[in-house]
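J.: make a model of this:
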Amino acid sequence: MIHIHFIAIGGAAMHNLALAVASKAGYRVTGSDDEIFDPALTHLREAGLLPDEMGWHPERITKDIDAIILGMHAREDNPELVKARELGLKIYSFPEYLYEQTKDKIRIVVGGSHGKTTTTSMILYVLNRLGIEADYMVGAQIEGFERMVRLSDTAKYAVFEGDEYLTSPLDLRSKFLWYHPHIAILTGIAWDHINVFPTFPEYVETFRKFVDSIETIGSFIYFKGDENLRQIAEEFKIQNSKFKIIPYDAYEGDVPMQVFGRHNMQNMQAAMLACHCIGVSPDDFYREISTFTGASNRLEKICETESSVAYKDFAHSPSKLKATINAVRERYPEKKLIACMELHTFSSLMADFLPQYKDCMKEADIAYVYFNPKVIEHKRLTPITKEEVRDAFGTSNVEVFTESEALQERLKSLNYENTALLMMSSGTFDGINVKDFCVKLLNR
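T.: Numbers count the residues shown, from 1 in each chain. Below you'll find the model as predicted:
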């Protein structure tokens, strides 16, 4: 029996990897964390993997453990990590372990500042519909898939969402640099994670390194509308690159689609090209993708009445925010568009990064921006003011809130006749059940 212990098992990706490993024959999984929330809490409990008590317990780290998988939530001085290093145990980061388990497979990796979850989901959805087995890691729930991570001994392919954020407390490289794809997609580069990449050139450089990590005789698929990606592609062409370089633009065919927005048509074209690289015909791809309704929390319709509709979306960075709002505006040109977003990530709450949001919400009729000063304090960032945020967004339709209750009351005061409501956050607006809240708003 191979014993794998997860330090910081409660993360979205970590707990899904733990479930995937535990489902393999001959593996025993244990884990620890200082706090675990739903859905991870329920998933781990149902699988019998929930720690019997929260916190770090170095006495449980023994030589009998075959490997440690270390999550980003843990710090370098984590007591269990310190003990594991003292014992000389093998310590994997999340992406390192994924690579180790799929190093003999054909790897498809989707990177970019935006659209990577949806593009990865589209690839997996089509492969599943066509009966093509694949291992995977994706950052959202997809129709027809039980989990967000799968590892097997039988799949020929592995499809990963490639994140440019840090690998682990012990490895400050981007996660996607571990994967060494045979087929790589980059959807676009728009500055993010300012706490890790303090300048835009540094951010661009990690994507250049990703392209350089593509396996020999591989394929690099990139959105040709992105100036930085065009420059990177040109550099590798000049170097007589070892892999094929394939530019793409938005799909403009006549196949009826369930998803909408130009950004999703770009995502779909990238997914088609990746599938084509492993032998899926464009006709087969478009036939199957026509029934794809989207990944969870990515322009996900959560309520609809006779005259109004509500969506929720993970959008929080400037490029995602703008693309999502523009997509809903194009879809519902005659409806009043109410867009509500939460500043929740490190980058979005940093004063130096706020100017990147200029004009991002200008297509909305009413725009609300929310942030919680306590989150800024918890992240040990310099405080920002409502006035700074409003000035950064730069349009008169934006109103800023710092209390969740006040935001909710304002939303309750509005008339939702002939309205498209868009709720965007990587958080929860401090405890709002977004779906239930929107259902009540639209059905009053």
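J.: for Phe37, see how far away Ala367 is.
T.: With distances taken as Cβ to Cβ, to the nearest Å, Ala367 is found 29 Å from Phe37. All C-beta atoms are positioned from the backbone trio N, CA, C, and that covers glycine.
J.: who's more crowded, the two?
T.: Neighbours per residue (other Cβ atoms under 10 Å) separate Ala367 from Phe37, with Ala367 holding more: 24 against 11.
J.: now the more buried one. Nearest residue, chain neighbours left out?
T.: Take Ala367 and drop its neighbours on the chain: the residue closest to it by Cβ to Cβ, 6 or more residues apart in numbering is Met361, 4.0 Å away.
J.: for that neighbour, list the residues it contacts.
T.: Contacts here follow Cβ atoms under 8 Å, 6 or more residues apart in numbering; on that basis Met361 touches Leu321, Lys322, Ile325, Ala339, Met341, Ala367, Val369, Phe393, Thr395, Asn397, Val398.
J.: ok, and the most crowded of the residues you listed?
T.: Ranked by neighbour count (other Cβ under 10 Å), the contacts of Met361 have Met341 at the top, with 30 neighbours.
J.: tell me what that residue is bridged to.
T.: Counting by DSSP bridges, Met341 is bridged to Val369, Met424.
J.: for Val389, what are its contacts?
T.: Contacts of Val389 were listed using Cβ under 8 Å, 6+ apart, and they are Leu343, Leu354, Val369, Phe371, Val400.
J.: for the contacts of Met361, give me a markdown table that also has distance to Phe292, pLDDT and secondary structure.
T.: Below are the contacts of Met361 laid out as a markdown table (distance: Cβ to Cβ, whole Å; pLDDT from 0 to 100; DSSP: H, G, I helix; E, B strand; the rest coil):
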| residue | distance to Phe292 | pLDDT | secondary structure |
| --- | --- | --- | --- |
| Leu321 | 23 | 94 | helix |
| Lys322 | 23 | 94 | helix |
| Ile325 | 22 | 96 | helix |
| Ala339 | 24 | 98 | strand |
| Met341 | 25 | 97 | strand |
| Ala367 | 29 | 98 | strand |
| Val369 | 31 | 97 | strand |
| Phe393 | 32 | 97 | helix |
| Thr395 | 33 | 96 | coil |
| Asn397 | 32 | 97 | coil |
| Val398 | 33 | 97 | strand |
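J.: distance to Glu146 for those - can I get that in CSV?
T.: Formatted as CSV, those follow (distance: Cβ to Cβ, whole Å):
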residue, distance to Glu146
Leu321, 31
Lys322, 34
Ile325, 32
Ala339, 33
Met341, 31
Ala367, 37
Val369, 36
Phe393, 40
Thr395, 43
Asn397, 42
Val398, 40
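J.: and which of those is nearest to Met257?
T.: Among the contacts of Met361, Ile325 lies closest to Met257 (Cβ to Cβ), at 19.4 Å.
J.: report the contact partners of the closest one.
T.: Leu337, Ala339, Cys360, Met361, Glu363, Ala364, Leu422.
J.: now for those residues, which pair is the farthest apart?
T.: Farthest pair in the contacts of Ile325 (Cβ to Cβ) is Leu337 and Cys360. Separation: 13.4 Å.
J.: neighbour count winner among these two?
T.: The neighbour count for Leu337 versus Cys360, taken as other Cβ under 10 Å, is higher for Cys360 (28 against 21).
J.: any idea whether that one is helix, strand or coil?
T.: Under DSSP: H, G, I helix; E, B strand; the rest coil, Cys360 falls in the coil class.
J.: phi first, then psi, for it.
T.: phi -70, psi -30 (degrees, to the nearest 10).
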